[in-house]
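1. Provided below for reference: sequence and predicted model.
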Amino acid sequence: MNGSLHRKANSAERTAVRCSLLAVLCSLPLMLWAAAPAGGYFNSGVDLYKAGRNSDAVDAFEQAIRHKDRTPEAQDYIDRIRKETVERIRNKALTGINKANWQSKYYFMNEVDHRIRVGVSVQEVFERDCVNFRPGAVDALSQLAAAFAKAEMAQFDVEFINELSAETTPDPTLIAQQENAVFSYLSLASRGILPKF
């Protein structure tokens, strides 16, 4: 009698396992089919990006790349999101200046009490730890000098903006050399007497 009860239990267990396995196998194609968004992965990524959901957008664009859904554009969006994220983190580290309102990444200029206040980014204008101008810095300084030349009688207050965290102590000798380089360039360029090479 014990032997027949044992066999019935095994038969019932096998039936339950078969039903569970059948349910999983039947739902698997449905789960895989439901995973793809209606407009495609790329369009879904664009919608998520526009909604400000960058992490989800990157996931969608990575899926688009895997499924060959507008691969180059998807990679461009991923690169853009990464760049914007780095820029946002960097701007949070700024010491009291919001770069979103700057005229260029090199400087900002605004008028306060009939004086023109100018801030120049040390990190954007100079190569790291030296007085060499970075690519694009001379063009930006030339634009600034042109603004100085147009406003002959205006008073300008120029300050250097250090975008590194306050924990980093800048070298005072290097800062003096960088200030001298910028002020010399602005002075010569605004008067139109830069040497010709």
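-> Ah, there it is.
2. S104 in helix, strand or coil?
-> Secondary structure for S104, judged by DSSP: H, G, I helix; E, B strand; the rest coil, is coil.
3. do F183 as well
-> Taken by three-state DSSP, the conformation at F183 corresponds to helix.
4. quick one: the residue lying closest to Y185 once chain neighbours are set aside and S190, what's the gap?
-> Computed as CB to CB, 6 or more residues apart in numbering, the closest residue to Y185 that is not its neighbour in sequence is L141, at 5.4 Å. (Each C-beta comes from the backbone N, C-alpha and C, glycine too.) Distance, L141 to S190, by CB to CB, to the nearest Å: 10 Å.
5. What of S184?
-> S184 sits 11 Å away from S190 when distances are taken as CB to CB.
6. Among the two, which residue is more densely surrounded?
-> S190 (21 against 11; other CB atoms under 10 Å).
7. Check what pLDDT the more buried one gets.
-> Per-residue confidence for S190 comes out at a pLDDT of 84.
8. Who are the contact partners of it?
-> Going by CB atoms under 8 Å, 6 or more residues apart in numbering, S190 touches A145, A146, F148, A149.
9. on that earlier part again, in this structure the residue nearest to Y185 contacts S104, no?
-> No. The pair L141 / S104 is not scored as a contact, 10.2 Å apart, by CB atoms under 8 Å.
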